[in-house]
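Visitor: All I have is the shape, not the residue letters:
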């Protein structure tokens with residue numbers, strides 16, 4: 001059985017990358033059709049803390065101009081709008097590029113003069129917005145983890161392919177030299193055959209246990225909850241604009257996936273890349289003893305064991321081969337083989353996609369109508385690994401996974417967890 005453009009929660013079965021519609025190159029003149037320029041005109045959906053970092057990075061791409069932004073919290077929307085307008089005025093002197101703010105993201109999608117959207121909402125909104133954006137003919141940058149569930153990720157892939165969109169996932173470590181160097185060394189056997197990979201990131205998702213408080217009045221809370229099952233307002237989930245930290249919605253099942261998906265989407269992504277598994281994933285998930293939040297063992301079909309384990313460094317990856325080790329994080333790249341980390345990769349070796357700027361890579365892909373370094377299928381396979389890890393921790397029993405058909409083998413209850421219930425009018429599966 002294959003995912004169609006419309007599917008129910010009861011009959012979800014994944015399609016493979018090969019089975020999904022092919023990515024067709026389409027003419028670059030499809031962007032900015034009403035602008036008469038080569039500018040890439042952006043709309044930002046979600047204007048919380050991460051959006052400001054994205055705005056700063058994408059503003060450095062010479063082609064970009066901000067046309068619109070959207071948020072359900074008025075104070076965050078106004079702050080971002082002012083910042084974006086200042087960027088426009090400085091970047092395009094003498095030209096008038098007014099940034100318009102909206103409360104509903106579909107007003108951005110309705111604008112014909114916007115080429116692409118940047119999705120920086122909480123995870124539970126990613127799929128609905130991305131599918132709607134693809135249907136509206138917008139190219140997409142979506143923050144990681146790409147999807148809250150496996151079904152949502154697959155729907156995002158299928159919509160992207162159906163509507164021939166360019167989709168970059170925010171796994172920007174693929175555009176960092178140390179992670180690419182480590183991955184190419186592993187991929188080409190410089191530490192021998194890989195036997196074990198250890199990834200140290202934080203715990204899996206947990207149940208929502210926050211008390212409700214009165215709505216402060218500056219947020220459309222019903223829209224913030226969106227497709228998820230309803231619960232009352234909590235400032236832990238949506239802190240005021242004055243609180244400059246990453247909000248904790250990411251730790252709770254209804255809205256995020258815990259640190260397994262939050263930081264795991266970064267670190268497990270590098271594992272997938274280095275092992276050549278961008279269109280696949282582990283086939284076994286063996287959780288630890290009851291109630292443990294670390295210790296999950298995963299296994300690929302080729303026998304490589306991937307552990308969610310505390311191996312001595314946090315938010316880091318350790319590759320163990322028959323000839324030595326490579327360890328990588330945002331702070332270091334090291335090996336127990338002298339001189340290896342600085343070794344020049346041979347021209348005859350397998351080479352990975354080279355991107356030195358994750359944001360310019362997306363813009364260039366929009367212009368060329370090609371896949372960027374962290375294409376939607378890649379983002380989906382990484383977020384799927386993280387989503388399944390959460391399922392294993394939740395069910396506390398071994399699971400066998402079929403990456404081709406994206407189903408658990410012989411476990412109907414686990415398969416039910418590949419998607420979730422949707423509230424009210426929201427249903428990302430309809431495209």
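Guide: Received it, and whenever you're ready, just let me know what you need. A quick note: this is a predicted structure, and the numbers were derived from the prediction, not measured. Numbers count the residues shown, from 1 in each chain.
Visitor: what about stretch 144-154, distance to the chain center?
Guide: Its chain's C-alpha centre and that of stretch 144-154 lie 8 Å apart, by CA atoms, centre = their mean, to the nearest Å.
Visitor: any idea how far residue 372 lies from residue 292?
Guide: From residue 372 over to residue 292 the distance is 37 Å, taken as CB to CB, to the nearest Å. All C-beta atoms are positioned from the backbone trio N, CA, C, and that covers glycine.
Visitor: Packing partners of the helix or strand residue 50 falls within?
Guide: Residue 50 is part of helix 49-59, with elements assigned from DSSP states H and E. Counting contacts by 3 or more CB pairs under 8 Å, 6 or more residues apart in numbering; DSSP states H and E, helix 49-59 is packed against strand 40-45, strand 64-70, helix 74-91, strand 116-119, helix 358-368.
Visitor: quick one, the third one and strand 64-70 angle?
Guide: In other words, helix 74-91. Here helix 74-91 points in a direction 160 degrees away from that of strand 64-70 (axes from the mean of the first three to the mean of the last three CA atoms, to 10 degrees).
Visitor: List the pairing partners of the very next helix or strand once past helix 74-91 within its sheet, with orientation.
Guide: Next along the chain after helix 74-91, taking DSSP H and E as the criterion, comes strand 100-102. Applying DSSP bridges to the sheet, strand 100-102 is found paired with strand 64-70 (parallel).
Visitor: Would you pull up how far the partner strand lies from the middle of the chain?
Guide: So, by CA atoms, centre = their mean, the centroid of strand 64-70 is 21 Å from its chain's centroid.
Visitor: go on, stretch 244-263?
Guide: The mean C-alpha position of stretch 244-263 is separated from the chain mean by 13 Å, CA atoms, centre = their mean.
Visitor: what pLDDT, on average, does that stretch get?
Guide: Taken as a whole, stretch 244-263 has an average pLDDT of 97.
Visitor: For residue 339, find the nearest of the helices and strands packed on helix 49-59.
Guide: Nearest of the helices and strands packed on helix 49-59 to residue 339, taken as CB to CB: helix 358-368 at 28.6 Å.
Visitor: What are the contacting residues of the closest one?
Guide: By CB atoms under 8 Å, 6 or more residues apart in numbering, the surrounding residues in contact with helix 358-368 are 25, 28, 31, 38, 40, 54, 57-58, 60-61, 63-64, 115-116, 139, 141, 166, 168, 170, 172, 174-175, 355, 371-374.
Visitor: What segments of the stretch 151-300 of the chain are helices?
Guide: For the stretch 151-300 of the chain, helices defined by DSSP state H, counting those that start in this stretch occupy the ranges 177-187, 221-225, 258-262, 264-274.
Visitor: For the ones you listed, please prepare JSON lines with the additional fields mean neighbour count and distance to residue 250.
Guide: Output for the helices of the stretch 151-300 of the chain, formatted as JSON lines (neighbours: other CB atoms under 10 Å; distance: least, CB to CB, whole Å):
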{"stretch": "helix 177-187", "mean neighbour count": "21", "distance to residue 250": "22"}
{"stretch": "helix 221-225", "mean neighbour count": "18", "distance to residue 250": "14"}
{"stretch": "helix 258-262", "mean neighbour count": "24", "distance to residue 250": "5"}
{"stretch": "helix 264-274", "mean neighbour count": "26", "distance to residue 250": "10"}
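Visitor: Among those, which comes closest to residue 394?
Guide: Shortest separation from residue 394 across the helices of the stretch 151-300 of the chain is recorded for helix 258-262, at 10.4 Å, computed as CB to CB.
Visitor: Contacts only, for the nearest residue to residue 234 once chain neighbours are set aside.
Guide: Nearest non-adjacent residue to residue 234, counting by CB to CB, 6 or more residues apart in numbering: residue 210, 4.4 Å away. Counting by CB under 8 Å, 6+ apart, residue 210 touches 234, 236-237, 252.
Visitor: sorry, back to before: export the helices of the stretch 151-300 of the chain to CSV and tack on distance to residue 49?
Guide: Supplementary listing: the helices of the stretch 151-300 of the chain in CSV, determined by distance: least, CB to CB, whole Å:
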stretch, distance to residue 49
helix 177-187, 23
helix 221-225, 15
helix 258-262, 13
helix 264-274, 17
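Visitor: Out of these, which is closest to residue 416?
Guide: Proximity of those to residue 416 was assessed by CB to CB; the nearest stretch is helix 258-262, lying at 19.0 Å.
Visitor: Tell me which residues are up against that closest one.
Guide: Outside helix 258-262, the residues that touch it by CB under 8 Å, 6+ apart are 123, 145, 201-206, 250-251, 256, 308, 383, 386-387, 389-390, 393.
Visitor: Buried ones among the residues you listed?
Guide: Among the contacts of helix 258-262, those buried by neighbour count (16 or more other CB atoms under 10 Å) are 123, 145, 201-202, 204-205, 250-251, 256, 308, 383, 386-387, 389-390, 393.
Visitor: follow-up on the earlier one: can I get the buried part of the contacts of helix 358-368 as one PyMOL selection?
Guide: Typed into PyMOL, the next command selects the buried ones out of the contacts of helix 358-368 (criterion: 16+ other CB under 10 Å):
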select buried, resi 31+40+54+58+61+63+64+115+116+139+141+166+168+170+172+174+175+355+371+372+373+374
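Visitor: what distance separates the start and the end of stretch 121-141?
Guide: Stretch 121-141 stretches 12 Å from its first residue to its last (CA to CA, to the nearest Å).
Visitor: Show me what counts as buried in it.
Guide: Buried, per 16+ other CB under 10 Å, within stretch 121-141: 121-134, 136-141.
Visitor: so of the residues you listed, which ones are in helices?
Guide: In this view, the buried residues of stretch 121-141 that belong to helices under DSSP state H are 126-134.
Visitor: can I get these in CSV with distance to residue 298 and pLDDT?
Guide: As requested, those are arranged in CSV below (distance: CB to CB, whole Å; pLDDT from 0 to 100):
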residue, distance to residue 298, pLDDT
126, 23, 98
127, 24, 97
128, 29, 96
129, 30, 97
130, 26, 98
131, 29, 97
132, 33, 97
133, 32, 98
134, 30, 98
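Visitor: quick one, the helix holding residue 50 and strand 64-70 angle?
Guide: Using the same axes, to 10 degrees: helix 49-59 against strand 64-70 is 160 degrees.
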